[in-house]
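>>> Need coordinates for the following:
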Amino acid sequence: MPKIAKIRTVLLSSPYADPDDPEIKECFPNGAKRTIGMVEIKLDNGVTGIGEGYLAVFAPLVFKSIVDLAEPYMIGFDSFDIGGAVRRLRSLCDYWSLQGAARHVISAFEIALQDAKGKSMGVPVYDLLGGAKVESIAIYGSGGCCDAKEQFQRELELLDSKGITLYKIRSVKRDLYRTAWALNESAKHGVKVGVDMCQNLADPPQAVEDVVSFVEAVHRLTPHRMIFLEEAVGPDAPEGFKELRSRIDVPVYGGEIITTPKEMITRMEMGAYDTVQPDASVIGGISAVMDIFEAGQRTNTGVVVHAWGGAAAIMASYHAAFAAGGTLVEFPMLYFPLGEEMIGDQGKIVDGRLLKPTAPGLGLTLTPEMEARYPFDETAVYSCVLNDWGPPPDEYWR
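Next comes the predicted model:
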């Protein structure tokens, strides 16, 4: 079997989103540019694989440092023994990062090895996992980081162009009229709306009572109903999600920041969510996402992969969804040309459905010319210390 011959950290920074989007103003203090971090693994058969860890969006140099730490333990390792590689990396990192940053780096290694194995065997990654169970998957547009009507309208036009009829927006509990306006306006396009309440950084957790009040108040303002409610309670309050499920008639989603299958499955077993949202670049790689799909069958929990990183993160989650017979995936709508270039025609959307990719491995392209166009900018990081600019007044949305 081919051995790991060389490991390289690839940090690239690309223009991102609209400078006037609230998320950019609040979370990107140095402007509308985002960094992604990848692990490139070269095998002794000449094949290279690319993986990604979401950590690099927030702390790219931390990502690189952990990759550098792991490198000497992985050179010469059997590249097809992906489970063994994950166990070796965990033995290196679990004592000091069982949950958190190192899991993102382990994810990047696992994804890169899956990509390299698929390329070596001339098959898409989903074929390594038993084959694609479906030819296409429904997709929802993920955006709604808007505080102006024209921004929403622009995203609705993008959904129309791809035949997508499901849309996720971001709202917090004060955004009653804005949320109702978005539901009403989306309905004119035949689009249904889910709401991400953005509480995956909340400490202390948002009160369940506040969430219930938000849902009821919005639904009093519009005849249209939210199709799901995501990340409505803080990340360390699974009991809050479970209580919320018993108090609203909107499906409760969550789990994008959970970094181990064990924690997510424990929450699934306790009934915390209607649907979980594992991310291959966070939870330990593609194999970990497959574990979540299996647990979803056993616990009667839906699984919709989270896809908000760069190209390798997105395609890793998509391949897992195809292999597991997923019924819905996320499509990040914010402008990110590096990701679009790397994915190319392997992320084709037709009539609101993501078509099965066909290229070997993950199907990504990364060339020296692309790397030269998107050089790493140390200032291009996502800051979780928010600058709250505040929304337009309620009168704007009425």
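>>> okay, the closest residue to Ala187 other than its chain neighbours: pLDDT?
For Ala187, the nearest residue in space outside its immediate sequence neighbours is His224; the separation is 5.0 Å by CB to CB, 6 or more residues apart in numbering. (C-beta placed from N, C-alpha, C; glycine too.) The model reports His224 with a pLDDT of 98.
>>> do the same with Gly390
What the model reports as pLDDT for Gly390 is 68.
>>> So which residues of the stretch 201-350 of the chain form helices?
Under the criterion DSSP state H, counting those that start in this stretch, the stretch 201-350 of the chain contains helices at 208-221, 238-245, 261-269, 280-283, 286-299, 311-324, 337-343.
>>> swap in the stretch 1-150 of the chain?
In the stretch 1-150 of the chain, the segments counted as helices under DSSP H, counting those that start in this stretch are 22-27, 60-74, 82-97, 101-121, 125-128, 149-162.
>>> so which of those helices is the most packed in?
For the helices of the stretch 1-150 of the chain, the stretch with the most neighbours on average is helix 101-121, a mean of 27; neighbours defined as mean count of other CB atoms under 10 Å.
>>> Between helix 82-97 and that one, find me the angle.
170 degrees (axes from the mean of the first three to the mean of the last three CA atoms, to 10 degrees).
>>> Centre of the chain to helix 101-121, how far?
Relative to the chain's own centre, helix 101-121 is displaced by 16 Å; criterion: CA atoms, centre = their mean, to the nearest Å.
>>> Just the C-alphas of that helix, formatted as CSV.
Taking Å, rounded to 0.1, in the frame of the first residue of the first chain, the C-alpha atoms of helix 101-121 are listed here in CSV:
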residue,chain,number,x,y,z
ALA,A,101,-8.7,22.4,18.0
ALA,A,102,-6.8,19.2,17.4
ARG,A,103,-10.0,17.5,16.3
HIS,A,104,-10.2,19.9,13.4
VAL,A,105,-6.6,19.0,12.4
ILE,A,106,-7.3,15.3,12.7
SER,A,107,-10.3,16.0,10.4
ALA,A,108,-8.0,17.5,7.8
PHE,A,109,-5.7,14.5,7.9
GLU,A,110,-8.6,12.1,7.6
ILE,A,111,-10.2,13.9,4.7
ALA,A,112,-6.8,14.2,2.9
LEU,A,113,-6.2,10.5,3.2
GLN,A,114,-9.7,9.7,1.9
ASP,A,115,-9.0,12.0,-1.1
ALA,A,116,-5.6,10.4,-1.8
LYS,A,117,-7.0,6.9,-1.5
GLY,A,118,-9.9,7.7,-3.9
LYS,A,119,-7.5,9.2,-6.4
SER,A,120,-5.2,6.2,-6.1
MET,A,121,-8.0,3.8,-6.8
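>>> which helices and strands does that helix pack with?
For helix 101-121, the packing partners by 3 or more CB pairs under 8 Å, 6 or more residues apart in numbering; DSSP states H and E come out as strand 33-43, strand 48-53, helix 60-74, helix 82-97, helix 125-128, helix 280-283, helix 286-299, helix 311-324.
>>> so which of these comes closest to Glu378?
Among the helices and strands packed on helix 101-121, the nearest to Glu378 by CB to CB is helix 60-74 (7.4 Å).
>>> still on that earlier bit, need the helices and strands packed on helix 101-121 in a markdown table (columns: mean pLDDT and distance to Phe214).
Compiled in a markdown table, those are given as follows (pLDDT from 0 to 100; distance: least, CB to CB, whole Å):
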| stretch | mean pLDDT | distance to Phe214 |
| --- | --- | --- |
| strand 33-43 | 98 | 29 |
| strand 48-53 | 98 | 33 |
| helix 60-74 | 98 | 35 |
| helix 82-97 | 98 | 35 |
| helix 125-128 | 98 | 38 |
| helix 280-283 | 98 | 27 |
| helix 286-299 | 98 | 27 |
| helix 311-324 | 98 | 28 |
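>>> and Ala148, which of those is closest to it?
Ranking the helices and strands packed on helix 101-121 by distance to Ala148, with CB to CB as the measure, places strand 33-43 first at 21.2 Å.
>>> Asp196 and Leu156, how far apart?
17 Å (CB to CB, to the nearest Å).
>>> domain ranges for the protein?
Recorded structural domains for the chain (assignment: automatic domain parsing) are 4-124, 127-359.
>>> Span of the last one from start to end?
The separation between the terminal residues of domain 127-359, taken as CA to CA, to the nearest Å, is 11 Å.
>>> chain center to that domain: distance?
With CA atoms, centre = their mean, you get 8 Å for domain 127-359.
>>> which of the residues in stretch 216-224 are buried?
Using 16 or more other CB atoms under 10 Å as the burial criterion, the residues of stretch 216-224 that qualify are 218-219, 221-222, 224.
>>> That should have said stretch 370-381, apologies.
Those would be 374, 376-377, 380-381, for stretch 370-381 by 16+ other CB under 10 Å.
>>> Select from the residues you listed every entry located in strands.
Among the buried residues of stretch 370-381, the subset assigned to strands under DSSP state E is empty.
>>> Widest-spaced pair of those residues?
Taking CB to CB as the measure, the buried residues of stretch 370-381 have their most distant pair in Tyr374 and Val381, spaced 14.9 Å apart.
>>> what residue ranges in this structure score low on pLDDT?
When the per-residue scores of the chain are filtered using pLDDT under 70, the ranges that remain are 387-391.
>>> Any figure for the gap between Trp96 and Gly76?
Computed as CB to CB, the Trp96 to Gly76 distance reads 24 Å.
>>> typo on my end, it should be Cys146
According to CB to CB, Cys146 stands 50 Å off from Gly76.
>>> just Gly240 next, same as before
Gly240 sits 47 Å away from Gly76, taking CB to CB as the criterion.
>>> OK, contacts around the residue most central in space within the chain?
The geometric centre of the chain, computed from its C-alpha atoms, lies nearest to Ala307 (CA atoms, centre = their mean), at 2.7 Å. Remark: with contacts taken as CB atoms under 8 Å, 6 or more residues apart in numbering, Ala307 is in contact with 142, 279, 313-314, 317-318, 329-332.
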